[in-house]
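Undergrad: pasted the sequence and its predicted model underneath.
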Amino acid sequence: MKLIVVKDSEQGGKEAYQIFAEALKNGATVFGLATGSTPLTTYQKLVASKLDFSDAISINLDEYVGLKPDNPQSYQYFMQEHLFKSKPFKRSYLPQGDAKDAAQEVKRYDRVIAENPIDLQLLGIGRNGHIGFNEPGSDFTSATHKVALTPSTIAANARFFKNKDEVPRYAYSMGIGTILKSKKIILEAFGAAKAAAVAAMIEGPVTPACPASALQKHADVVAIVDEAAAAKLKK
Ligand SMILES: O=P(O)(O)OC[C@H]1O[C@](O)(CO)[C@@H](O)[C@@H]1O
């Protein structure tokens, strides 16, 4: 795993932007995207740039179960607001939060990914080491699935809702197996709250206790980490 330590999320966004620009220049057409506060500076740089994604495809990592796409807390809405309305892609895919049949929905999403192999996947990391919504204990070979969120993730994401009770209890998420099939991966982590997860991801054993440690098995991962999130690394 290549590690880039930056001063702050602003610098981190610039580094990630460069990798997106390079990938696009080199013919990448399918971009895996993430939500949460972490990728925001990257999206700001993409929006401010001249990069053209109108021939490219985006595939998001996850979506809350039960939320309609026009719900302001949905990841579909988030992506529209922060990226797609300014930088449209030819096609943008997210799991459908209000799908009637969960089993069909995860199959549909896996077909989308199989038909559009991901060239560059952007990831954040949860305080408990989750990637996408693959919580500790997740199977490293998993495909898209319905996940029960842990109390720690519900508490962390409550800041985006009126209160904790409004946070959905389930999400659809690409699996770790799906994520590992991406050709190249950028993982961003900013802030002291991510320091323990970053140390476990990079220096800890490869174990489902830290889902992000699965990235040690991938040949082309760039971790972009700010100084606060890098603070618990030994080297
Ligand atoms: O970036 P945040 O808001 O700290 O969230 C951490 C991670 O958890 C998720 O929200 C779960 O999907 C990711 O999208 C994100 O990268």
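TA: Right, received. Where do you want to start? Keep in mind it's a predicted model, so treat the numbers as computed, not measured. Residues are numbered from 1 along each chain as shown.
Undergrad: and the longest helix for this structure?
TA: Using DSSP state H, we find that the single longest helix of the chain is helix 9-25.
Undergrad: residues near residue 163, how many?
TA: 7 (other C-beta atoms under 10 Å). In short, each C-beta sits where N, CA and C put it, glycine included.
Undergrad: sorry, slip of the keys, the one I care about is residue 199.
TA: Count around residue 199 with other C-beta under 10 Å applied: 18.
Undergrad: ok, the closest residue to it other than its chain neighbours to residue 204 distance?
TA: Spatial nearest neighbour of residue 199, excluding adjacent residues (C-beta to C-beta, 6 or more residues apart in numbering): residue 232 at 4.0 Å. Relative to residue 204, residue 232 is positioned 10 Å away (C-beta to C-beta, to the nearest Å).
Undergrad: so for the helix or strand following the longest helix of the chain, mean pLDDT?
TA: Sequence-wise, the next helix or strand downstream of helix 9-25 (DSSP states H and E) is strand 30-33. Per-region confidence: strand 30-33 scores 98 on mean pLDDT.
Undergrad: for the remainder of this discussion, apply numbering that starts at 720.
TA: With the count now opening at 720, the last piece we talked about shows up as strand 749-752.
Undergrad: does strand 749-752 come close to the ligand?
TA: No - Strand 749-752 does not reach the ligand (C-beta under 6 Å from any ligand atom); its nearest approach is 9.2 Å.
Undergrad: and the residue of the chain found nearest the ligand, how many residues sit next to it?
TA: The chain approaches the ligand most closely through residue 843 (1.9 Å), counting by C-beta to the nearest ligand atom. Using other C-beta under 10 Å, residue 843 is surrounded by 22 other residues.
Undergrad: ok, then the element right after the lowest-mean-pLDDT helix or strand in the chain?
TA: When each helix and strand of the chain is scored by mean pLDDT, DSSP states H and E, helix 870-876 comes last, with a mean of 91. Next helix or strand after helix 870-876 toward the C-terminus (DSSP H and E): strand 889-892.
Undergrad: could you report the pLDDT at the residue of the chain closest to the ligand?
TA: pLDDT, residue 843: 98.
Undergrad: where along the protein do the strands fall?
TA: 721-725, 749-752, 776-779, 781-783, 810-812, 839-842, 864-867, 889-892, 903-908, 940-945 (DSSP state E).
Undergrad: of all those, which one is nearest residue 931?
TA: Nearest to residue 931, of all the strands of the chain, is strand 903-908, at 6.9 Å by C-beta to C-beta.
Undergrad: what does that closest one contact?
TA: For strand 903-908, the surrounding residues in contact (C-beta atoms under 8 Å, 6 or more residues apart in numbering) are 728, 731, 735, 738, 742, 757-758, 761, 838-844, 850, 898, 916-917, 920, 931, 934, 937, 939-945, 948.
Undergrad: and it, does that touch the ligand?
TA: No - remark: strand 903-908 sits outside contact range of the ligand, by C-beta under 6 Å from any ligand atom, the gap being at least 7.7 Å.
Undergrad: mean confidence for that strand?
TA: On average, strand 903-908 scores 98.
Undergrad: got the phi/psi numbers for residue 808?
TA: Residue 808 has phi and psi values of phi -100, psi 160 when expressed as degrees, to the nearest 10.
Undergrad: for it, give its distance to residue 919.
TA: Residue 808 is 33 Å from residue 919, by C-beta to C-beta.
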